[in-house]
Every structure is written in C-alpha cells, then in structure tokens.
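Undergrad: Here is a sequence together with a model predicted from it:
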Amino acid sequence: MGKVTVTVDSMLGAVYGWLTVTDVINRTTVACLCTCGTRVVVKAYKLINENNKSCGCRKRRVLGDATRIHGRANSRVTGYKDRTYGIWQGMKARCSDPKHINYRLYGGAGIRVCPEWAGSFEAFLNDMGDAPDGLTLDRIDGSKGYSKANCRWVTYKAQAQNSKRVRLFTFSGKTQCISDWKREWGMGYRATLKRLKSSGSYGEC
C-alpha cells in the first residue's frame with residue numbers, strides 16, 4: 001500500500017485534538033479554532049504528527065491552576081523556569097510514569113506521592129517551601145512515599161548516604177526494606193540478603 005500524502009487543502013474542516021482547521025495560510029501552515037475559542041496558526045505537520053492538540057489550554061488544564069498562578073511552567077527549550085517546580089514534577093514522574101528512567105526504583109517499588117501533592121503544586125509549595133540553594137528533596141524513611149511528614153530538604157551528600165542505607169526489595173509481589181524482611185523471616189542479614197537477591201528483583205530507593 002502506497003504512502004498517503006496529506007495536503008493542507010484536504011485538512012480544511014478536519015479536527016486534530018481540540019483544534020479544527022478553518023483556513024489555509026500557505027502550503028505548510030494552517031489556521032485553527034480551538035474548542036476554548038482561541039484562534040491559532042500552526043504548522044500542518046505538527047497537527048498530523050499530533051505535536052499540537054490545542055492552543056495551549058489543554059496543557060495548562062493538565063498542569064493545573066498553580067502553574068498559571070505562580071508562572072512556574074516548564075519549557076522544552078529552556079527547561080524549568082523554577083527549580084522547586086521542577087523538583088515537584090520530577091518527584092511525580094518517578095512515581096507515576098513507567099517510562100521514567102528511575103520508575104522501577106520508585107513507582108515500580110511501591111513509592112507514591114501523597115494525594116495532596118500529586119494533585120497540586122501549590123500544596124507542595126505550602127508544605128515544603130521553595131527549594132533552598134544547594135539542597136534537594138529527601139524522604140526520611142526510604143521505604144515510604146512522598147509526604148510532608150516524610151520529606152525534608154538536605155544536601156546531595158546526605159541524600160546519597162540516606163539512599164545507601166535503605167534498600168527496597170521485592171519478593172513474591174511484596175516490597176519492603178531488608179530490616180522488615182529480616183524480622184518477617186527471622187533470619188540474619190546475610191541470609192536474608194542472599195534469599196532476596198536470589199529472587200532477582202531488588203533496588204535502592
């Protein structure tokens with residue numbers, strides 16, 4: 001079957017996400033009307049490749065009102081405008097996005113973000129404040145998730161030391177630190193570690 005070529009003229013009236021093509025500007029560019037009522041001009045290939053699905057209102061709704069209130073949105077070109085906002089986004093991604101490079105050590109190991117923080121950057125900011133220079137977000141108990149009671153700002157060195165002390169091991173579908181496995185099985189550290197490693201599934205928080 002041959003390749004199908006889409007021309008801008010054939011796109012008139014077509015709907016791409018929240019955008020409806022209303023006019024042809026030139027052979028590569030079209031005008032669209034968003035469902036929110038905003039008119040935008042976009043490159044035709046971005047609609048076809050699904051790079052553009054709205055005038056931008058869709059992304060703002062997904063990110064929430066806090067992004068608009070604080071102006072702490074992210075950019076593919078310049079990165080995060082605000083470091084605290086970037087830390088919040090990274091925390092959520094590690095725990096909820098299976099494609100994240102560290103998902104297996106966080107979301108895949110049962111680490112979750114508390115509902116208040118997961119749904120609101122403003123709630124996270126109110127609880128933790130802005131990230132101090134030179135400090136990073138750390139979980140006090142590495143076997144537990146992200147919440148006000150279990151998080152603090154620490155140096156990168158302190159976080160690394162804390163992470164090295166706590167390992168999360170998954171065995172028969174259950175994930176917990178080695179101390180908990182020792183107590184559950186009534187075994188010594190080396191015997192517990194050997195049994196856990198033989199299961200083939202473990203990682204550091």
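TA: Cool, got the structure.

Undergrad: Domain map for this structure?
TA: According to automatic domain parsing, the chain comprises the domains 9-62, 88-164, 166-205.

Undergrad: pLDDT on the first one, on average?
TA: The average pLDDT for domain 9-62 rounds to 84.

Undergrad: who touches the helix or strand encompassing Glu184?
TA: In this structure, Glu184 sits in helix 178-185 according to DSSP states H and E. Contact with helix 178-185 is made by Ser143, Arg167, Phe169, Phe171, Gly188, Tyr189, Thr192, Leu193, Arg195, Leu196, as judged by C-beta atoms under 8 Å, 6 or more residues apart in numbering. Every residue, glycine included, has its C-beta placed from N, CA and C.

Undergrad: pLDDT averaged over it - what is it?
TA: Regarding helix 178-185, the rounded mean pLDDT is 77.

Undergrad: Show me which residues of the very next helix or strand once past it are buried.
TA: Later in the chain than helix 178-185, the nearest helix or strand by DSSP H and E is helix 189-198. Using 16 or more other C-beta atoms under 10 Å as the test for burial, helix 189-198 gives Thr192, Leu193, Leu196.

Undergrad: for helix 189-198, packing partners?
TA: Here helix 189-198 touches strand 167-171, helix 178-185, going by 3 or more C-beta pairs under 8 Å, 6 or more residues apart in numbering; DSSP states H and E.

Undergrad: Just the strands from the chain, written as ranges.
TA: With strands called from DSSP state E, the chain shows them at 15-16, 19-24, 29-34, 39-43, 74-75, 79-80, 135-139, 151-155, 167-171, 174-177, 202-204.

Undergrad: Distance from the third one to the middle of the chain?
TA: Going back to what we said before, that points to strand 29-34. When C-alpha coordinates are averaged (C-alpha atoms, centre = their mean, to the nearest Å), strand 29-34 and its chain have centres 30 Å apart.

Undergrad: The second one now?
TA: Averaging C-alpha coordinates over strand 19-24 and over its chain gives two centres that are 32 Å apart (C-alpha atoms, centre = their mean).

Undergrad: Can you name the residues that contact Cys57?
TA: Trp18, Cys34, Cys36, Thr38.

Undergrad: Scan these and report the most crowded one.
TA: In terms of neighbour count, Cys34 stands highest of the contacts of Cys57 at 19 neighbours, by other C-beta atoms under 10 Å.

Undergrad: so who does Met128 touch?
TA: Met128 neighbours (C-beta under 8 Å, 6+ apart): Thr84, Leu137, Lys148, Cys151, Trp153.

Undergrad: Tell me how far it lies from Val154.
TA: 12 Å (C-beta to C-beta, to the nearest Å).

Undergrad: now swap in Asp130 and tell me
TA: As judged by C-beta to C-beta, Asp130 and Val154 stand 15 Å apart.

Undergrad: Val42 too?
TA: From Val42 to Val154 the distance is 44 Å (C-beta to C-beta).
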